[in-house]
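Enquirer: Have a look at this prediction, sequence included:
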Amino acid sequence: MRNVLLVFLVLTAFQSSAQRDEKNMPATFDSIVFYDYNDDRGSKDNRIIDHAGKLDNSVKKSFRADPALAAKLNEMLKRKDSFGVTGASCFEPHLGIVYYLDGKPISSINVCMDCNRLYADFRIKAQEQGKNGKGENTYYVLNGMSGKLRDFLNEQLILHNFSHQAEKYNE
């Protein structure tokens with residue numbers, strides 16, 4: 001009973017913190033699941049969750065993040081020092097991270113460890129570094145993952161024996 005209460009308190013504290021700090025990230029969710037999938041289509045449209053809300057059918061394995069891991073992931077996504085590196089252009093993600101509420105996906109992140117980039121279906125302000133252009137032509141050239149974020153994600157890939165593990169990043 002004490003463990004259940006502790007998990008509830010951590011999730012509640014995290015959720016209210018997320019609502020206060022980052023309007024564009026999922027503020028309310030009840031779980032985060034990491035997925036190892038085989039997406040070799042090579043575009044931003046190769047999402048772990050499609051536009052109809054269905055999970056990609058190439059999923060090989062998955063694990064549900066505990067509350068501490070979920071909190072750490074979201075904290076890292078908010079940190080400017082988790083980004084600020086250029087990425088290559090392959091973008092063939094094999095790691096999907098999905099936020100769920102009541103068993104339904106509400107947001108997702110797709111990660112390519114090979115090119116050092118991730119795309120989320122929500123705005124990650126910390127990625128907005130190295131601004132070029134103006135108005136509708138604005139883009140950011142330093143939106144790749146830093147060694148800190150990349151190594152954090154890679155630890156999970158190794159721990160859960162996911163494919164496409166990366167070597168330690170040297171900045």
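Expert: Okay, I see it. Numbers count the residues shown, from 1 in each chain.

Enquirer: Look at the residue lying closest to Asp114 once chain neighbours are set aside and report its pLDDT.
Expert: For Asp114, ignoring the flanking residues on the chain, the nearest one in space by Cβ to Cβ, 6 or more residues apart in numbering is Cys90 at 5.6 Å. Quick note: C-beta positions are derived from backbone N, CA and C, even for glycine. Here the pLDDT value assigned to Cys90 is 82.

Enquirer: which stretch of helix or strand covers the nearest residue to Phe152 once chain neighbours are set aside?
Expert: Nearest-residue entry for Phe152: Met76, 6.0 Å, with adjacent residues in sequence omitted and distances by Cβ to Cβ, 6+ apart. When secondary structure is defined by DSSP states H and E, Met76 falls within helix 67-78.

Enquirer: list the buried ones in that helix?
Expert: When burial is assessed from 16 or more other Cβ atoms under 10 Å, helix 67-78 yields the following buried residues: Pro67, Leu69, Ala70, Ala71, Leu73, Asn74, Met76, Leu77.

Enquirer: ok, now which ones touch the spatially most central residue of the chain?
Expert: Nearest to the mean C-alpha position of the chain, counting by Cα atoms, centre = their mean, stands Ile109 at 4.2 Å. With contacts defined as Cβ atoms under 8 Å, 6 or more residues apart in numbering, Ile109 is in contact with Gly96, Ile97, Val98, Leu118, Tyr119, Ala120, Asp121.

Enquirer: Can you list the strands that the host helix or strand of it pairs with?
Expert: Following DSSP H and E, the helix or strand that holds Ile109 is strand 104-112. Each strand paired with strand 104-112, and its direction, by DSSP bridges: strand 95-101 (antiparallel), strand 117-120 (antiparallel).

Enquirer: what does the last one contact?
Expert: Translated: strand 117-120. By Cβ under 8 Å, 6+ apart, the list of residues contacting strand 117-120 from outside reads 44, 47, 77, 87-88, 91, 93, 107-112, 143-145.

Enquirer: Distance from it to the middle of the chain?
Expert: Relative to the centre of its chain, strand 117-120 is centred 7 Å away, using Cα atoms, centre = their mean, to the nearest Å.

Enquirer: Check the longest one too.
Expert: On the basis of Cα atoms, centre = their mean, the separation between the geometric centre of strand 95-101 and that of its chain is 8 Å.

Enquirer: Now that strand - C-alpha only, CSV.
Expert: Listed in CSV are the C-alpha atoms of strand 95-101, where the atom choice follows Å, rounded to 0.1, in the frame of the first residue of the first chain:
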residue,chain,number,x,y,z
LEU,A,95,12.7,4.3,-30.7
GLY,A,96,9.2,5.6,-30.1
ILE,A,97,8.0,7.1,-26.8
VAL,A,98,4.3,7.4,-26.3
TYR,A,99,2.3,9.2,-23.6
TYR,A,100,-1.0,7.6,-22.7
LEU,A,101,-4.1,8.7,-20.8
